[in-house]
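Q: have a look at this fold, sequence not included:
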């Protein structure tokens, strides 16, 4: 399970935080930990990939975080992030696993000409998947292009200091949202 938190600063997306729980772990304990991190940023809504079905929605609800499924598949999220990376409009964290997973992504073109991006067989992309969703979501929310996108991803238009609470009106106005990938 992974968590990523991003926000916009000017025309740049800043990846604020990442978390990763690698097996073996207790899914319920990690869900509570991630929910606490999300709420420490004043956020109560998250996005999740569809891997766990309704499980993320049900388990995060117990901890006061609403989880909705992602609107885009991860390949589309990676494709959306690519021009932002190439134009240096993304500030990543110095995280070796994140960078390794990003560099290991592979772009493939199907017979019909459609591009897809995914990890190589046997490789992992959980952490970069979460970060990419957070980054793209932050940019899209700011541009109001796609209302909400896709491991856990938290995205804010304004930086909020952990532990600082935000009112519902502030949250709605600035479009704070979270995104979860399991």
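A: Great, that's in hand. Keep in mind that what you see is a predicted model, and the values were worked out from it rather than measured.
Q: so residue 98 touches residue 125, yeah?
A: No - using Cβ atoms under 8 Å, residue 98 is not in contact with residue 125, being 10.2 Å away. For the C-beta atoms, the positions are set from N, CA and C on the backbone; glycine is no exception.
Q: report the secondary structure state of residue 111.
A: coil (DSSP: H, G, I helix; E, B strand; the rest coil).
Q: what sits closest to residue 74 if chain neighbours are left out?
A: residue 129 (5.3 Å; Cβ to Cβ, 6 or more residues apart in numbering).
Q: could I get the pLDDT score of the closest residue to residue 95 other than its chain neighbours?
A: Closest residue in space to residue 95, ignoring its immediate chain neighbours: residue 18 at 5.9 Å, by Cβ to Cβ, 6+ apart. Predicted confidence (pLDDT) at residue 18: the value is 94.
Q: give me the beta-bridge partners of residue 18?
A: residue 4 (DSSP bridges).
Q: thought it was touching residue 98?
A: Yes - at 6.2 Å, residue 18 counts as touching residue 98 under the criterion of Cβ under 8 Å.
Q: overlap of the contact sets of the two?
A: 127, 131 (Cβ atoms under 8 Å, 6 or more residues apart in numbering).
Q: show me the shaky parts of this protein.
A: Residues of the chain meeting the criterion pLDDT under 70: 142-182.
Q: show me what the top helix by length along the chain packs onto, helices and strands only.
A: With secondary structure taken from DSSP state H, the chain has its longest helix at helix 126-143. Applying 3 or more Cβ pairs under 8 Å, 6 or more residues apart in numbering; DSSP states H and E, we find helix 126-143 packed against strand 2-9, strand 12-20, helix 74-86, helix 96-103, strand 152-156, strand 177-179.
Q: buried residues in that helix?
A: The neighbour-count check on helix 126-143 (16 or more other Cβ atoms under 10 Å) flags 126-142 as buried.
Q: and if you look at stretch 74-83?
A: Neighbour counts over stretch 74-83 (16+ other Cβ under 10 Å) mark 74, 75, 76, 77, 78, 79, 80, 81, 82 as buried.
Q: kindly report the same for stretch 22-38.
A: Using 16+ other Cβ under 10 Å as the test for burial, stretch 22-38 gives 30, 31, 33, 34, 35, 37, 38.
Q: on that earlier part again, could you export the helices and strands packed on helix 126-143 as a markdown table, including distance to residue 65?
A: Listed next are the helices and strands packed on helix 126-143 as a markdown table, based on distance: least, Cβ to Cβ, whole Å:
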| stretch | distance to residue 65 |
| --- | --- |
| strand 2-9 | 11 |
| strand 12-20 | 14 |
| helix 74-86 | 20 |
| helix 96-103 | 23 |
| strand 152-156 | 9 |
| strand 177-179 | 7 |
